[in-house]
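**Student:** predicted structure and sequence below. I'll ask about it afterward.
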Amino acid sequence: ADADPSKGLARLIGPQIDHLITQHHVVLGHQQAEVKKNAEVPILGIGTDGAISDEHLDLTYNTKRSVFELRCLGPRGYSVNGDERPPGSPTVTLRNKDRIGIPGTPTSFTFYQPASASPPVTVDTSSASRTRKKPPLHDGHVATLAEAAAMAEPPRKRRRATIQEVTWTAPERERFQRVLLTYGFPRAVLIKRIANLSQHSEDEIEDYTYAFIVALANHLSGDEKSYLVRVSKESKALTKTGHSSLVGWNKMQRSASVWGRRLCNLHFLGELARSGNDLLSLIPSSFFSGPKPTAWWGRNDDKGLLQGTYKHGYARYDNIKSDATLGFTSPEAKANAAYKPGSAATTNGWPSADVLTRRLKRLIDVSRKHWRKKRPPPIPGSASGGAGDVKIMGGPQF
């Protein structure tokens, strides 16, 4: 049955967004486009960034299926739960609590259907744009990683009783592992596409991800073990145990320390990226006056490195450097920079891969330390530690 439009078909909520959807067809676009009176379809503003088109996304209610469908109208694409959808990609059926973002911008919001499924919000009626009052990270409020993950990963309808019913072959396991350690988790849609796992559903990949995490944690100790166990327990995955294909896997046991550190760091970076806040907001200004990878390197380059790693994957520096949307210093500025003796820049003006990796680790490490400082102390008598308390480890391997 169709929902009552007077009560809202759906709701969009983000740091600067609170839209109650009462019509079957709306367009999401630039904030200034909201005032267009001659628009054929109502336009709801989702941000002021120049990368957002006047008409960026088409949101249509399918009355036969009672679902909303989203497709791209603009040239920059969009993302759903961290998985990017380029222009021209197939229409996406939205589910309750899907997280939608515009790559290269701070715009990020959550889709709720029905509207009554959305959390209580406070609306500032004096503002032209209804705003959810939510203290940003840089104002001293830091949401837990569990809170961010809850917004990023929607619940799934399940049709099976246990993950053990699903067979994973050794080649599938190897492809899954490589992509997981490149992009982190939870990113079932992306893993399915890049690892060529079309024979597995997103639910199966999500469950296998956390089965992998549980199995890996059995070979770890200390902060990494606590982090991964806690994240697994807080997930919506069906399984809370391992999988038979991971039992006795010597490669996992040999590489557990490196894999554990990598996944903890990629997961933390993913939560920062999906939060919609400035990726550098947790880093003190004094950090940027310290040593730099090369003479021309600045704050925008640090931000591009973090965004690029989340978007293109760990150590995918060729892809990261060639992405014009990440805001790296222009080639002209690089050419005019006065390189110091012993500069880490290569012949084309870029720091080496080792230098970039060290900078990436340092950025995450400093962010993590300041995140922990801003969090309130644990309640006496509560369980110590948690997913947000992992220590970002240093060392030669990330």
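**Tutor:** Yes, it's here.

**Student:** all helices of the stretch 151-300 of the chain, in order?
**Tutor:** Per DSSP state H, counting those that start in this stretch, the stretch 151-300 of the chain carries helices over the ranges 170-183, 188-194, 202-217, 222-234, 250-274, 299-312.

**Student:** mean pLDDT lowest for which of those helices?
**Tutor:** Comparing mean pLDDT across the helices of the stretch 151-300 of the chain, the weakest is helix 222-234, with a mean of 86.

**Student:** which secondary element of the protein has the worst mean pLDDT?
**Tutor:** helix 145-152 (a mean of 39; mean pLDDT, DSSP states H and E).

**Student:** ok, how many other residues are close to Ala273?
**Tutor:** For Ala273, the count of nearby residues is 23 (other Cβ atoms under 10 Å). C-beta here means a position set from N, CA and C on the backbone, and glycine is covered the same way.

**Student:** now do Pro15
**Tutor:** Neighbours of Pro15 using other Cβ under 10 Å come to 19.

**Student:** please renumber the chain so that the first residue is 59 from this point on.
**Tutor:** Yep, numbering from 59; the last one is Pro73 now.

**Student:** what helices and strands are in contact with the host helix or strand of Glu127?
**Tutor:** Secondary structure from DSSP states H and E places Glu127 in strand 125-130. Strand 125-130 sits against strand 115-120, strand 136-138, strand 150-151, with contacts defined as 3 or more Cβ pairs under 8 Å, 6 or more residues apart in numbering; DSSP states H and E.

**Student:** and of those strands, who's closest to Leu304?
**Tutor:** Shortest distance between Leu304 and the helices and strands packed on strand 125-130, using Cβ to Cβ, is found for strand 136-138: 28.3 Å.

**Student:** quick check: which ranges of the protein have low pLDDT?
**Tutor:** Low-confidence segments of the chain (pLDDT under 70): 59-65, 92-97, 173-223, 294-299, 389-406, 430-456.

**Student:** give me the most central residue, it.
**Tutor:** Per Cα atoms, centre = their mean, the C-alpha nearest to the average position across the chain is that of Arg332, at 3.5 Å.

**Student:** so that residue makes contact with Arg157?
**Tutor:** Yes: using Cβ atoms under 8 Å, Arg332 makes contact with Arg157 at a distance of 6.2 Å.

**Student:** rewinding a little: quickly compare the helices and strands packed on strand 125-130 and say which is most buried.
**Tutor:** strand 136-138 (a mean of 22; mean count of other Cβ atoms under 10 Å).

**Student:** partner strands of that strand and their direction?
**Tutor:** strand 141-143 (antiparallel), strand 156-159 (antiparallel) (DSSP bridges).

**Student:** got the contact list for it?
**Tutor:** Under the contact criterion Cβ atoms under 8 Å, 6 or more residues apart in numbering, strand 136-138 has outside partners 114-115, 128, 130, 142-143, 150, 152, 156-161, 247.

**Student:** the same query, at a cut-off of 10 Å, please.
**Tutor:** Strand 136-138 has contacts (Cβ atoms under 10 Å, 6 or more residues apart in numbering) with 86, 104, 110, 114-115, 128-130, 142-145, 147, 150-153, 156-161, 163, 165-166, 169, 212, 247-248, 331-332, 369.

**Student:** could you flag which of those are buried?
**Tutor:** 86, 104, 110, 114-115, 128-130, 143, 150, 152-153, 156-161, 163, 165-166, 169, 212, 247-248, 331-332, 369 (16 or more other Cβ atoms under 10 Å).

**Student:** quick one on the thing from earlier: what would the helices and strands packed on strand 125-130 look like in CSV with distance to Asp281?
**Tutor:** Listed next are those as CSV, based on distance: least, Cβ to Cβ, whole Å:
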stretch, distance to Asp281
strand 115-120, 39
strand 136-138, 29
strand 150-151, 36
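
**Student:** right, and those strands - which one's nearest Ala373?
**Tutor:** strand 136-138 (21.2 Å).

**Student:** what about the closest one, distance to the chain center?
**Tutor:** 10 Å (Cα atoms, centre = their mean, to the nearest Å).
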